[in-house]
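> please find the sequence and the predicted model below.
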Amino acid sequence: MSVEIAVQTPGDLDTERLYALLKLRTHIFIVEQRSSYPDLDGLDLDEGTVHLSAWEDGEILCTVRILDVNGEEPHIGRVATKIEARGRGLAGQLMERAVALCRPDAQIHLGAQTQLESWYGKFGFERCGEDFDDDGIMHLPMIRKAVAASA
């Protein structure tokens, strides 16, 4: 089976795909991690939002969201992988694509769960502040600095 990587703006998402990615995020963040928080934050359909997802046989395996993709300070978040698909490198593939979709001169932000600091470091992200509690799960702020323009 081959994995399809989808890169979609809100206008590209059909109802079934939007429902599937929201269902996956709900299962991972709210059910599995037992964190009650408003995942439906009103940003999924904003202009400048891009959803990346990995699909196999019509089933979503992994998703990542970018906010303000064309801005100077985009935010990558909502990285979620179905339990059965973990360890296949799908989240890493989506993170690489997400970083590549942002402007080279952008400073990309994300809030990482503390145990994933070194994983996000593989994509050029560095800690930029103190740990914080985000709805019962410890996180830390990270940034990927803008790539300097060559002379």
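That came through fine. Just so we're clear, the structure is a prediction, and the values are computed from it rather than from any experiment.

> run a quick neighbour tally on Leu94.
Leu94 is flanked by 26 other residues according to other Cβ atoms under 10 Å. Every residue, glycine included, has its C-beta placed from N, CA and C.

> could you do Ala106 as well?
Neighbour number of Ala106 under other Cβ under 10 Å is 20.

> pretty sure it sits against His75.
No. Taking Cβ atoms under 8 Å as the definition, Ala106 is not a contact partner of His75, at 10.2 Å.

> which neighbours do the two share?
With contacts defined as Cβ atoms under 8 Å, 6 or more residues apart in numbering, no residue is shared by Ala106 and His75.

> and the helix or strand bottoming out on mean pLDDT in the chain, which strands flank it?
Least confident element among the helices and strands of the chain, by mean pLDDT, DSSP states H and E: strand 132-134 (a mean of 88). Here strand 132-134 has these sheet partners by DSSP bridges: strand 137-144 (antiparallel).

> looking at the strand it pairs with now, give me its mean pLDDT.
The average pLDDT for strand 137-144 rounds to 94.

> quick one: contacts of that strand?
33, 35, 99, 107-114, 117, 120, 123-133.

> make a PyMOL selection of the buried ones in those residues.
For the buried members of the contacts of strand 137-144, the matching PyMOL selection, counting by 16 or more other Cβ atoms under 10 Å, is:
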select buried, resi 99+108+109+110+111+112+117+120+123+125
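
> which members of the contacts of strand 137-144 are positioned in strands?
Judged by DSSP state E, the subset of these located in strands is Ile108, His109, Leu110, Gly111, Ala112, Gln113, Glu126, Arg127, Phe132, Asp133.

> can you lay out those residues as TSV showing distance to Gly87?
Below are the ones in strands among the contacts of strand 137-144 laid out as TSV (distance: Cβ to Cβ, whole Å):
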residue	distance to Gly87
Ile108	25
His109	27
Leu110	21
Gly111	23
Ala112	19
Gln113	17
Glu126	25
Arg127	25
Phe132	28
Asp133	28
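
> pLDDT wise, what is the most centrally placed residue in the chain at?
For the chain, the residue nearest the mean C-alpha position is Val64 (2.9 Å; Cα atoms, centre = their mean). What the model reports as pLDDT for Val64 is 97.

> quick one, what contacts it?
Shown in contact with Val64 (Cβ under 8 Å, 6+ apart): 51-53, 76-80, 91, 94-95, 97-98.
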